[in-house]
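Undergrad: here you go, sequence then predicted model.
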Amino acid sequence: VVFPSCSPEDLVQARRKEAQYTWNMLGPWGQGVVQKLWDTQFKCKQAYKYFKFDVLAYRGGSNGYAEESSHNFLQFSELTLYELDGNEDRRKIPIDKATNPGGWNYPNQGPEKIVDGTVDSKMIDTTFGTNLDGGSTIIIGVKGEARSLYGYEFFTANNAPSRDPASWRLSGGQSANGPWTEISQVDQAEPPEDRQVTYGTFDACNSSRLAAEPPPSPSVCNRSITITENNKNPDDDVGWDETVDIICSGGALVTVEPSEHFSAKYFAMLPDTIDKQDFANGNLCPGYVPRPKPKRRQLLGGINDLNVQVGECIHPPPDSGPGILCKREIAITITNPAAMHKGWSQSASFECAVKDGTNLGTTVRTGTSTSNRKIITRNLPRDFVGDICPKTYKWQPSSGYTEDNVLLVDNYEFEIEVGECEE
């Protein structure tokens, strides 16, 4: 029988008289069950004001000696502690201070450097092996209330890999002087070879490495993308008659539709910085897109290379610009087909994602059709206030005749339906 007021901590550490009585009553088997419960479920999840890391071994290997580090020193650049917030997301624990009791540190290379938020500084303990409890001891106090430790992360220093921590013991307490509750221990962690990088995040409970956090989403903004046909005279406003997809930074897909004009403008959400350039020309999209000429030049001329130029961030971005694009089906139905003839014999074009008279999205070309209804797929905005494309559209072809000089229709009249995003 376990007293209801006794926690596993009370039982294991015999902090109260009735806890000691209950512990004895459990017997060896019951004591083993409670001990395991305490070790794996309760001990590591307790809230502590202080965390103590006893570094027991370094990597070694200096001058060919496996058991030695350079000058017998220990060093690393950062030690970050994490907790879980109310949404079960990982966040850093704010640190009050860090100490290295029993150690000796060079000026400006003391324990405060492992909690300063940068890997450009480091702590060096020159007396590894002679500190309290052997090895090197680091005590970290948290700000504010006691914290439950979810995980922690060591970072290597800028040089001397032989000094990297390799084995350590983690403990928690409510005072910098203890008493200490041992939480977990890591043996032979295999530090990374690279300098000023993370070991990975260790689980406070079982000493294993936690899964890596996904990289943060890049900060993006709305940018214009100007497409211009290469080797063309701007006065020769001909355009191109093929569709081409351009993959830009972050995998953003820009589908360039056939154009009646020398150049066309699109908009897409791209990174708001080019500090780390994706392409050699310093652009966020490839500088040009090579395409082979078709065997036969059609009405608008075969496509040559397309020059691609990305503009500056638009601040503020249009409230209904394309933002994140998605594929949508566009159903085009001609409502005044010519007698005895289905569909339409020339390609019409209309603008989608138009806001306040500005085309923020895509020029859609219908192409020709031998049927009165045609479905095409285009990249259009995921979020747009109002009609993405016009519901009806009238267009006067340059010629309304068939090859047999039969008049088809003076104007094409279309109904346009835009489908939902294809996930």
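TA: Great, that's in hand. Numbers count the residues shown, from 1 in each chain.
Undergrad: how much space between the closest residue in space to residue 103 that isn't next to it in sequence and residue 104?
TA: The shortest distance from residue 103 to any non-neighbouring residue, by Cβ to Cβ, 6 or more residues apart in numbering, is to residue 125 (4.1 Å). All C-beta spots, glycine's among them, are computed from the backbone N, C-alpha and C. With the distance defined as Cβ to Cβ, to the nearest Å, residue 125 ends up 7 Å from residue 104.
Undergrad: these two: who's more crowded?
TA: Set residue 125 next to residue 104 and count neighbours by other Cβ atoms under 10 Å: residue 125 wins out with 29 against 12.
Undergrad: how close does the more buried one get to residue 154?
TA: Computed as Cβ to Cβ, the residue 125 to residue 154 distance reads 14 Å.
Undergrad: kindly report the same for residue 312.
TA: Here residue 312 is placed at a distance of 41 Å from residue 154 (Cβ to Cβ).
Undergrad: neighbour count for the two, which is higher?
TA: When residue 312 and residue 154 are compared for neighbours, residue 154 comes out ahead with 24 against 9, by other Cβ under 10 Å.
Undergrad: does the more buried one sit in a helix, a strand or a coil?
TA: Under DSSP: H, G, I helix; E, B strand; the rest coil, the three-state class of residue 154 is strand.
Undergrad: make residue 1 into 766 and carry on from there
TA: Will do, 766 is the new start, and the previous item becomes residue 919.
Undergrad: list the contacts for it?
TA: Contact analysis of residue 919 by Cβ atoms under 8 Å, 6 or more residues apart in numbering lists 841, 843, 844, 930, 954, 956, 963, 964, 967.
Undergrad: excluding residues flanking it in the chain, which one is nearest it?
TA: Nearest to residue 919 is residue 964, by Cβ to Cβ, 6+ apart, at 4.4 Å.
Undergrad: residue 1185 now?
TA: Nearest residue to residue 1185, sequence neighbours excluded (Cβ to Cβ, 6+ apart): residue 1093, at 7.0 Å.
Undergrad: need the contact list for the one you found.
TA: Contacts here follow Cβ under 8 Å, 6+ apart; on that basis residue 1093 touches 1142, 1143, 1144, 1145, 1153, 1183, 1184, 1185, 1186, 1187.
Undergrad: do residue 834 as well
TA: Contacts for residue 834 (Cβ under 8 Å, 6+ apart) come out as 823, 824, 825, 826, 827, 893, 925, 927, 928.
Undergrad: burial measure for the second one, as a count.
TA: Using other Cβ under 10 Å, residue 824 is surrounded by 22 other residues.
Undergrad: so what's the residue count around the spatially closest residue to it that is not a sequence neighbour?
TA: Spatially, and ignoring its direct neighbours in sequence, residue 824 is nearest to residue 929 (4.3 Å; Cβ to Cβ, 6+ apart). When neighbours are defined as other Cβ under 10 Å, residue 929 has 27 of them.
Undergrad: could you do residue 864 as well?
TA: Burial of residue 864 is recorded as 17 neighbouring residues (other Cβ under 10 Å).
Undergrad: which residues does it bridge with?
TA: For residue 864, the beta-bridge partners under DSSP bridges are residue 904.
Undergrad: for it, give me its contacts.
TA: Taking Cβ under 8 Å, 6+ apart as the test, what residue 864 contacts is 876, 903, 904, 941.
Undergrad: please apply the same query to residue 1100.
TA: By Cβ under 8 Å, 6+ apart, residue 1100 lies in contact with 1178, 1179, 1180.
Undergrad: kindly recompute the last result at 6 Å.
TA: Taking Cβ atoms under 6 Å, 6 or more residues apart in numbering, we find residue 1100 in contact with 1178, 1180.
Undergrad: same check on residue 810?
TA: Applying Cβ under 6 Å, 6+ apart to residue 810 gives the contacts residue 913.
Undergrad: do the same with residue 984
TA: Per Cβ under 6 Å, 6+ apart, neighbours of residue 984: residue 1037.
Undergrad: what's the spacing between it and residue 1035?
TA: Using Cβ to Cβ, residue 984 is found at 10 Å from residue 1035.
Undergrad: what do you get for residue 926?
TA: Note on residue 926: its distance to residue 1035, by Cβ to Cβ, is 39 Å.
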